[in-house]
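Peer 1: the following block contains a protein sequence and its predicted model.
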Amino acid sequence: MNIIQTLQQAVSAVVQQLYGESVEPAKVIINPTPADFEGDYSIVIFPLAKAARKSPDVAAQEIGEALRQQVVDISDFNVVKGFLNIHVSDRYWQTFLSESLNNPQFGRQPKNGSKVMVEYSSPNTNKPLHLGHIRNILLGWSCSQLLEAVGYDVVKVQIINDRGVAICKSMLSWQKFGEGQTPESTGIKGDHFVGDYYVLFEQKIKEEYTQWQKTPAADTAFEGRKKAEQSREDFFKEYKNKWFNDHSQLGAEVRDMLLRWEAGDKATVGLWRQMNGWVYQGFEKTYGDLGVGFDKLYYESDTYLLGKDIVEDGLGKGVFFKKEDGSVWVDLTDAGHDQKIILRSDGTSVYITQDLGTARMRYHDFGAERIVYVVASEQDYHFQVLFETLKRLGEPYANGLYHLSYGLVELPSGRMKTREGTVVDADDLMTEVIRIAGEQSGERAEMDGVSPEKQLENLRKIGLGALKFFIMKVHPKKKMIFNPEESVDLQGQTGPYIQYSYVRINGLMQRIEKEGISLDEAAQYGPILPQERDLLLAIHEYPAKVKEAAENYDPSLLANFCYDLARKYHRFWHDLSVFNADSSSARAFRLQLSRMTGHVLRSGMGLLGIEMPDRM
RNA sequence: GGUCCCAUAGCUCAAUGGAUAGAGCACCUGCCUUCUAAGCAGGCGGUUACAGGUUCGACCCCUGUUGGGAUCACCA
């Protein structure tokens, strides 16, 4: 039991003794004492003063006296305006430090026997991954790590959107214009290679459309369909999809290819496999560079027909209903949603049908009581409908569904747009941040004498640390402005700032090793100084912070915690000397405290998917 | 139009209903003869979009307003 829980229970008992009122220990509010006041923790007395029927200051004084009698680890207290500020004894902090150093599981909870599935990334296969995917992937990965840390068995999955019109466009484009080129023959990464043909297709379509606009058929369409006052230009902008479906030659060829794929045509399926294979090789590389992975991959080509049995099930249970034309619907108007189609009148499924089927399949595959879907906030409505529908169907996992909805990533210039070429490519971005790290490192010459491989490894960690922290420090729900220049900053509130505090610690640890310094005297040290207590308080808070981050699916809590801890360490480093401390017990204590800070920083950043360099 | 989300320093972000709303960037000033200055300290910068309400206490909860975004397809 840590000191906060001890205090809560003691306060509850004391209020009972003094005033005969019962207060739940968990309801006792205890915060770290703000810097300008004396103490480690502050108990908020206002709510208790009511039970005491005394003024907050009087009650605080009485409760403080009683607590000091009963809790051995309270060394002192003071009262300021209804706040009871508690000093925790050095003895408690000494014990805490040595116990946490001996606990390799510090910050983690034991296995809870429960299983959770986390779905993230889930890209289309017609284009390489971009900045938006990076946010998704980092959130998914970090949440997986967090859930594991608090005791869950985690299954990491993605569903790859490997079929449909998009990939057919790339296929057709390659078939017509590729001249037998391959990623191998051109030296282009597979996903970029396929993406290039997608872009080429869109170019060709644009050309075809421009040409078509000069034909009599276009005149007819314009005259027949234009809205009042609509310019020719505006009209054709709006008309593009309709044109693609009704008039485009390339459009017809793509639809034909999709039909052949659905019919299982050998040549088409073969081409599809080949091109997706290239894409997967590219994705593997990107995931590897990002340091993430999956336990199981689902493919839309395997799941897109799922869900039909659920339709029957839902009709039988009266959750769904059938309209005259044969289409099947679910009516969620009583839950504040609309009626939603589940099955088209021609009997084919829609997006949500597939998701219903996939959810059930996954439950059968893994038996996870909970599923976390990491998907952008654009699909909030979809997931509300999906979850509500699964609940009404009585699915056993329906209450454990969570949509980790995250805001869009925008550039300072606004949204990323494929057409305007403003999409930030994931591979390019990683290369760039690592390059900047190298540039900055070269000026510092701190890694001279380190092997080139090791240097590169450290630069990779620093560059990616900057990028990842920049993204992870923002609350998932908020849309974020991604300024490429700031994302590679290595100073201030950044990943490298935190890494640097770790590197400083690492330097100390190496010196202990080299000089064979004994740390036995640490326990004799005292009194503990404010800079040291600040560190201890922060470390003390770590397990609760991990739990909170996991429960809220919010890695940004942990990111901000790590920054705060690093800041405290830098201050400690600046203010107090470790090796030149006044006494050998002070030196030993500060080394132990540094070591523990290093453990927590490494562990916390690890949960964010950020690695620590050993020099920088 | 209905529903949902967001609004905090010039910019990017913090703040379980608790004390004087905090960091970083930018700008200005100091600090390397001592464990790595990717650091530390200080200055500048706020009507927490607006108006009410609940509360001993509100950036936080409730109501309304304004501004921005998303969504409401027999698309995925």
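Peer 2: On my side now, so go ahead.

Peer 1: got the buried residues for stretch A:539-559?
Peer 2: Burial within stretch A:539-559, assessed by neighbour count using 16 or more other Cβ atoms under 10 Å, is assigned to A:539-543, A:545-550, A:553-559. Yep, even glycine has a C-beta here, placed from its N, CA and C like the rest.

Peer 1: should've said stretch A:564-574
Peer 2: A:Asp564, A:Leu565, A:Ala566, A:Arg567, A:Lys568, A:Tyr569, A:Phe572, A:Trp573.

Peer 1: filter those residues down to the ones near RNA strand B?
Peer 2: Among those, proximity to RNA strand B is found for A:Arg567, A:Trp573 (Cβ under 7 Å from any atom of the strand).

Peer 1: show me where the stretch 401-550 of chain A has helices.
Peer 2: Assigned by DSSP state H, counting those that start in this stretch, the stretch 401-550 of chain A shows helices spanning A:426-444, A:452-472, A:484-487, A:495-515, A:530-551.

Peer 1: chain neighbours aside, what residue packs nearest to A:Thr353?
Peer 2: Computed as Cβ to Cβ, 6 or more residues apart in numbering, the closest residue to A:Thr353 that is not its neighbour in sequence is A:Gly307, at 3.8 Å.

Peer 1: phi and psi next, for the closest residue to RNA strand B within the stretch 51-200 of chain A.
Peer 2: Nearest to RNA strand B, among the residues of the stretch 51-200 of chain A, is A:Phe83, at 3.4 Å (Cβ to the nearest atom of the strand). The phi and psi values for A:Phe83, taken as degrees, to the nearest 10, are phi -110, psi 130.

Peer 1: just the one 5 residues further on next, same as before
Peer 2: The main-chain torsion angles of A:Val88 are listed as degrees, to the nearest 10 and equal phi -90, psi 140.

Peer 1: contacting residues for it?
Peer 2: A:Val88 makes contact with A:Ile3, A:Asp40, A:Tyr41, A:Asp73, A:Ile74, A:Ser75 under the criterion Cβ atoms under 8 Å, 6 or more residues apart in numbering.

Peer 1: what about the third one, distance to A:Thr6?
Peer 2: Shown here: A:Tyr41 relative to A:Thr6, a distance of 11 Å by Cβ to Cβ, to the nearest Å.

Peer 1: ok, those two, which is more surrounded?
Peer 2: A:Tyr41 (20 against 17; other Cβ atoms under 10 Å).

Peer 1: ok so, going back, doesn't A:Val44 make contact with the residue of the stretch 51-200 of chain A closest to RNA strand B?
Peer 2: Yes - between A:Phe83 and A:Val44 a contact is recorded at 6.4 Å, counting by Cβ atoms under 8 Å.

Peer 1: any idea how far A:Met361 is from the residue nearest to A:Thr353?
Peer 2: Distance of A:Gly307 to A:Met361, computed by Cβ to Cβ: 9 Å.

Peer 1: quick one: which of the two has more around it?
Peer 2: Remark: of A:Gly307 and A:Met361, A:Gly307 carries more neighbours, 25 against 15, as counted by other Cβ under 10 Å.

Peer 1: one step back: to A:Ile610, which of the helices of the stretch 401-550 of chain A lies closest?
Peer 2: Checking the helices of the stretch 401-550 of chain A against A:Ile610 by Cβ to Cβ gives helix A:452-472 as the closest, at 5.0 Å.

Peer 1: near RNA strand B, which residues of the stretch 251-400 of chain A show up?
Peer 2: With Cβ under 7 Å from any atom of the strand as the criterion, the stretch 251-400 of chain A comes near RNA strand B at residues A:300, A:304, A:323, A:325, A:327, A:336, A:338, A:341, A:344-346, A:350-351, A:377-382.

Peer 1: just the buried members of the residues you listed?
Peer 2: Neighbour-count burial within these applies to A:Glu300, A:Tyr304, A:Ser327, A:Ile341, A:Ser377, A:His382; the criterion is 16+ other Cβ under 10 Å.

Peer 1: strands - which of those residues land there?
Peer 2: The members of those that map onto strands under DSSP state E are A:Ile341.

Peer 1: export the buried ones among the residues of the stretch 251-400 of chain A next to RNA strand B to TSV and tack on distance to A:Val15?
Peer 2: Formatted as TSV, those follow (distance: Cβ to Cβ, whole Å):
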residue	distance to A:Val15
A:Glu300	59
A:Tyr304	61
A:Ser327	63
A:Ile341	58
A:Ser377	44
A:His382	49
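
Peer 1: make TSV from the buried ones among the residues of the stretch 251-400 of chain A next to RNA strand B and add distance to A:Gly492 and pLDDT to it.
Peer 2: Output for those, formatted as TSV (distance: Cβ to Cβ, whole Å; pLDDT from 0 to 100):
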residue	distance to A:Gly492	pLDDT
A:Glu300	42	95
A:Tyr304	47	92
A:Ser327	56	93
A:Ile341	50	94
A:Ser377	28	95
A:His382	38	95
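
Peer 1: hmm, back to that, compare A:Phe83 and A:Val44 (neighbour count), which wins?
Peer 2: Using other Cβ under 10 Å as the criterion, A:Phe83 and A:Val44 rank with A:Phe83 on top: 21 against 16.

Peer 1: how about the helices of the stretch 401-550 of chain A in TSV, adding distance to A:Lys54 and mean pLDDT?
Peer 2: Output for those, formatted as TSV (distance: least, Cβ to Cβ, whole Å; pLDDT from 0 to 100):
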stretch	distance to A:Lys54	mean pLDDT
helix A:426-444	59	93
helix A:452-472	46	96
helix A:484-487	52	89
helix A:495-515	45	96
helix A:530-551	30	96
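
Peer 1: now render those helices as a markdown table, adding distance to RNA strand B.
Peer 2: Converted to a markdown table, the helices of the stretch 401-550 of chain A look like this (distance: least, Cβ to the nearest atom of the strand, whole Å):
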| stretch | distance to RNA strand B |
| --- | --- |
| helix A:426-444 | 4 |
| helix A:452-472 | 5 |
| helix A:484-487 | 6 |
| helix A:495-515 | 3 |
| helix A:530-551 | 8 |
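
Peer 1: deepest-packed of the ones you listed, please.
Peer 2: Compared across these, helix A:452-472 shows the largest average neighbour count, a mean of 21 (mean count of other Cβ atoms under 10 Å).

Peer 1: could you figure out how far that helix is turned away from helix A:495-515?
Peer 2: If you take axes from the mean of the first three to the mean of the last three Cα atoms, to 10 degrees, helix A:452-472 sits at 140 degrees to helix A:495-515.

Peer 1: now helix A:452-472 - C-alpha only, PDB.
Peer 2: The C-alpha coordinates for helix A:452-472 follow below in PDB (Å, rounded to 0.1, in the frame of the first residue of the first chain):
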ATOM      1  CA  PRO A 452      29.200   3.800 -37.000                       C
ATOM      2  CA  GLU A 453      26.500   1.100 -36.500                       C
ATOM      3  CA  LYS A 454      25.900   2.200 -33.000                       C
ATOM      4  CA  GLN A 455      25.900   5.900 -34.000                       C
ATOM      5  CA  LEU A 456      23.300   5.200 -36.600                       C
ATOM      6  CA  GLU A 457      21.200   3.200 -34.200                       C
ATOM      7  CA  ASN A 458      21.300   6.100 -31.700                       C
ATOM      8  CA  LEU A 459      20.400   8.700 -34.400                       C
ATOM      9  CA  ARG A 460      17.500   6.500 -35.500                       C
ATOM     10  CA  LYS A 461      16.200   6.400 -31.900                       C
ATOM     11  CA  ILE A 462      16.700  10.200 -31.500                       C
ATOM     12  CA  GLY A 463      15.000  11.100 -34.800                       C
ATOM     13  CA  LEU A 464      12.100   8.700 -34.300                       C
ATOM     14  CA  GLY A 465      11.900   9.800 -30.600                       C
ATOM     15  CA  ALA A 466      11.300  13.400 -31.700                       C
ATOM     16  CA  LEU A 467       8.700  12.400 -34.200                       C
ATOM     17  CA  LYS A 468       6.800  10.000 -32.000                       C
ATOM     18  CA  PHE A 469       6.800  12.200 -28.900                       C
ATOM     19  CA  PHE A 470       5.600  15.100 -31.000                       C
ATOM     20  CA  ILE A 471       2.600  13.100 -32.000                       C
ATOM     21  CA  MET A 472       2.000  11.200 -28.700                       C
END
